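J.: Next come a sequence and a model predicted from it.
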Amino acid sequence: MLTLDAILRIPAHVSFSVVGEDAFLLNAQTHKYYGLEKVGARLWQILIEGKSLSEAHQTLLSEYNVAADELERDILDLVKRLQEQELVEVIEA
Amino acid sequence: MPRYRLAAQDFHFAHPIAELESFETAREADGESVLFTMDSLDEKTPIARAEGWVGGAQRIVETYDTPRGILLKVEGGGAFFINRGGEIIGAQNPNQLDREIILGPALVLALAQRGVWSLHASAATYKENCFAFLGESGQGKSTLAAYLSQSAGWRLVADDILPIEMESKTVNALPHFPQLKLPPNAQPGADLPERIPLKYVCALADVEANHAPELQILPTAQAVQVLLGHTAGTRMFNAAALAKHLEFSTQAAKQISARRLNYPHRRDALPLIKDFLETLC
């Protein structure tokens, strides 16, 4: 089960580009592009800095007016979807 | 061995291509052949296998990475080789279908190797402003560009495919490119500059015929999506070309002005659209 303690890695086949508050991700294996808006893009930026999910949770809590448990659910839900599209790998649950 | 200049790039082709006669710049002696033989391409890694519209039919298109470049195979046609730098397109004894493959997916792949991306777009200029109209087949981009080009002050730049590049912080349209749906005497690019700064990108959106045409400003993030979604051939690209294309699209979207053009399919909408576009200039 995915938790904030999970350690993620961005696979080599994933490229990304950040435009303002949005991020665009590319899975070169499937030739598919994905867009992340605002909070999702911010989460991606934090993850590519090499920070953990738990650190990302703390950073986003300080930046957005949101309840901790709601933010945790949203983060884990997004990471699960990124994982399903092979845009991130969970290397340690 | 003919050499052609297309989209501001020099190309060597293994055989003369009749459709490119007006783009030929030189012909080298036969002894200086630059054609790679297909049997040198045994060591190959699949990139992609997709279906696409080529030579008047849906065909399976396969691309492979090889140590020396990209190998392209199209169902019903021959095998084509594009070298790593994208300057050479090789084929063996091309027939009519093969020539359409060379002028279609092979050329798109070769341009991508050189950082030139082929938009599914028509284009026209007005008062030194270049507009690209992006849309799928049947969305009316050719009709719109043809109408504009018959109006005072407008010039046709492209009918179906518009190659573009980034030079410093300018996005350039490259009009010297064969528009295969137009007859030889209607090719638009010959007397235009090789590079024209691309100022506006309009994504055509279908609306009901009784709706009024409308131009809406698109934010940068949506402009990125428009460029990503309307670039020809991305399903054939390898990982390096896809990553370069993503980077190009995000940078280009910051330099151009993007619009959504709500486009009802009726003739009397065209003058209104022309007026909208001219007020931008």
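T.: Structure received.
J.: Give me the neighbour count for B:Leu242.
T.: Using other C-beta atoms under 10 Å in any protein chain shown, B:Leu242 is surrounded by 25 other residues. Any C-beta I mention is one placed from the backbone N, CA and C, and that applies to glycine too.
J.: Report the buried residues of stretch B:68-80.
T.: Neighbour-count burial for stretch B:68-80 flags B:69-74, B:77-80 (criterion: 16 or more other C-beta atoms under 10 Å in any protein chain shown).
J.: Just give the nearest non-adjacent residue to B:Ala26, would you?
T.: Nearest residue to B:Ala26, sequence neighbours excluded (C-beta to C-beta, 6 or more residues apart in numbering or on different chains): B:Arg3, at 4.4 Å.
J.: Ok, B:Arg260 next?
T.: Of all residues not flanking B:Arg260 in the chain, B:Gln216 sits nearest, at 4.5 Å (C-beta to C-beta, 6+ apart).
J.: repeat for B:His120
T.: B:His120 sits nearest to B:His230 (C-beta to C-beta, 6+ apart), 4.9 Å away.
J.: Can you tell me how far A:Ser52 is from A:Val18?
T.: As judged by C-beta to C-beta, to the nearest Å, A:Ser52 and A:Val18 stand 20 Å apart.
J.: go on, A:Glu72?
T.: With the distance defined as C-beta to C-beta, A:Glu72 ends up 24 Å from A:Val18.
J.: So which of those two has more stuff around it?
T.: Each of A:Glu72 and A:Val18 has its neighbours counted (other C-beta under 10 Å); A:Glu72 has more, 18 against 15.
J.: Tell me the helices and strands packed up against the strand or helix carrying that one.
T.: According to DSSP states H and E, A:Glu72 maps onto helix A:68-84. Helices and strands touching helix A:68-84, as assessed by 3 or more C-beta pairs under 8 Å, 6 or more residues apart in numbering or on different chains; DSSP states H and E, comprise helix A:38-48, helix A:53-63, strand A:89-92.
J.: just to revisit the earlier point, so is the residue nearest to B:Arg260 in a helix, a strand, or just coil?
T.: strand (DSSP: H, G, I helix; E, B strand; the rest coil).
J.: ok now do it, which residues does it touch?
T.: B:259-260, B:262 (C-beta atoms under 8 Å, 6 or more residues apart in numbering or on different chains).
J.: Name the SS class of the closest residue to A:Lys80 other than its chain neighbours, please.
T.: With sequence-adjacent residues excluded and distances taken as C-beta to C-beta, 6+ apart, A:Lys80 is closest to A:Leu2, at 6.0 Å. Three-state call for A:Leu2 (three-state DSSP): coil.
J.: Distance of A:Leu2 relative to B:Lys274?
T.: Counting by C-beta to C-beta - A:Leu2 and B:Lys274 are separated by 54 Å.
J.: neighbour count winner among those two?
T.: B:Lys274 (20 against 15).
J.: No further questions, thank you.
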